[in-house]
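A.B. asks: Predicted model, plus sequence, below.
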Amino acid sequence: MFVFKHYSLALLRWVITGLCCVMALTMRAQFSDSVHHNIGFGATGIINSTNSNSSFVVNNAIRYNINKKNRYFNSNAAWIYGRQNGRQTNNDFTAAMDYNVYGWAPHWYYWGLLTFEKSFSLKINSRSQGGAGLGYTLSEKKEANIVISNGLLYEYSNLKIDSVNNDSYSTIRNSFRLKYHFVFAQVITLDGVHFWQQSLSSGEDYIIKSSSSLSVKIKKWLSLSTALTYNKVNRTDSRNLLFTIGLSADYYF
């Protein structure tokens, strides 16, 4: 019972902290001719407690986007922390920035990407990626936006092989991405970003990143959200799968 109360209070603190960051903000609807910036925050988590087991996971994410004419800058960061039966299961941090240029050809755009990642669950001490490529917009509707992209990334990684040995190496990866955004009745939103990143030097070295979220609008700036995240690093034979529920908020200015 004590453990369950401890986890509950911890999760509540994460949610309250995130909401306090956006409660004081004035609500805006979406990007327009005079609205170019967007800040979003999400605090989700799961608590499980039985007579013999207890677990606790929080997933905190923040993003900042700029939309001006045919140029888009997107940045985001996420931190996942979890424990099970007193032992750490997750301490995973990711940060990414990408810049997209549209308008030079119908539906096509250029993109550039920089990422950094540390992950306890995936045995990643550090991983940096940078690269560029092309993307194509399959659907440009506000209620149904679907984008695919492909390009090359240079990666430098330091992976944890065991308690003593690390594996430091660099490689070139082909990075394929599927991204979608659906809105139903202006209330329910489904978002997804899915990556397949294959090393060009080894067929056994690939990365899968998959993130999906479903949110139901409570107010124009506040939503009840669920998030499903799956990651796999074949080189370390490690993976994680997380389902969390919580709140998310958006502010446009």
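C.D. replies: Happy to help now that I have it.

A.B. asks: after the lowest-mean-pLDDT helix or strand in the chain comes which helix or strand?
C.D. replies: For the chain, the helix or strand with the lowest mean confidence is helix 2-23, at a mean of 46 (criterion: mean pLDDT, DSSP states H and E). Of the helices and strands lying after helix 2-23 in sequence (DSSP states H and E), the nearest is strand 37-49.

A.B. asks: Keeping just the C-alphas, turn that next one into PDB.
C.D. replies: C-alpha atoms of strand 37-49 as PDB (Å, rounded to 0.1, in the frame of the first residue of the first chain):
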ATOM      1  CA  HIS A  37       4.500  29.200 -33.100                       C
ATOM      2  CA  ASN A  38       3.200  26.200 -31.200                       C
ATOM      3  CA  ILE A  39       4.200  24.800 -27.700                       C
ATOM      4  CA  GLY A  40       2.900  21.400 -26.600                       C
ATOM      5  CA  PHE A  41       3.300  19.400 -23.500                       C
ATOM      6  CA  GLY A  42       2.200  15.900 -22.500                       C
ATOM      7  CA  ALA A  43       2.400  14.100 -19.100                       C
ATOM      8  CA  THR A  44       1.300  10.400 -19.200                       C
ATOM      9  CA  GLY A  45       2.000   7.400 -17.000                       C
ATOM     10  CA  ILE A  46       1.000   4.000 -15.700                       C
ATOM     11  CA  ILE A  47       0.900   2.700 -12.200                       C
ATOM     12  CA  ASN A  48       0.400  -1.000 -11.300                       C
ATOM     13  CA  SER A  49       0.400  -2.400  -7.800                       C
END
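
A.B. asks: any idea how far that strand is from the chain center?
C.D. replies: In terms of Cα atoms, centre = their mean, to the nearest Å, the centre of strand 37-49 is found 11 Å from the chain centre.

A.B. asks: do stretch 182-192 as well
C.D. replies: So, by Cα atoms, centre = their mean, the centroid of stretch 182-192 is 17 Å from its chain's centroid.

A.B. asks: cool, stretch 88-103 as well?
C.D. replies: Worked out by Cα atoms, centre = their mean, stretch 88-103 lies 6 Å from the chain centre.

A.B. asks: Verify the stated contact: Asn90 with Lys118.
C.D. replies: No. The criterion here is Cβ atoms under 8 Å, and Asn90 misses it with Lys118 at 11.3 Å. The way it works is simple: take the backbone N, C-alpha and C, and place the C-beta from them, glycine included.

A.B. asks: I figured Gly192 hits Ala227, correct?
C.D. replies: No. Gly192 lies out of contact with Ala227 (Cβ under 8 Å); the separation is 10.5 Å.

A.B. asks: ok, Lys217 to Ser225 distance?
C.D. replies: The gap separating Lys217 from Ser225 is 10 Å, by Cβ to Cβ, to the nearest Å.

A.B. asks: Looking at those two, which one has more neighbours?
C.D. replies: The neighbour comparison of Lys217 against Ser225 (other Cβ atoms under 10 Å) goes to Ser225, with 23 against 18.

A.B. asks: And the strands in the stretch 101-250 of the chain?
C.D. replies: Applying DSSP state E, counting those that start in this stretch to the stretch 101-250 of the chain gives strands spanning 108-119, 124-140, 144-160, 166-184, 188-199, 206-217, 222-233, 238-252.

A.B. asks: Tell me which of these lies nearest to Ile80.
C.D. replies: strand 238-252 (6.6 Å; Cβ to Cβ).

A.B. asks: which SS state does the residue of the chain most remote from its centre fall under?
C.D. replies: Residue farthest from the centre of the chain, counting by Cα atoms, centre = their mean, is Asn51 at 33.2 Å. Here Asn51 is recorded as coil under DSSP: H, G, I helix; E, B strand; the rest coil.

A.B. asks: what's it sitting at in phi/psi?
C.D. replies: Main-chain torsions, Asn51, degrees, to the nearest 10: phi -60, psi -30.
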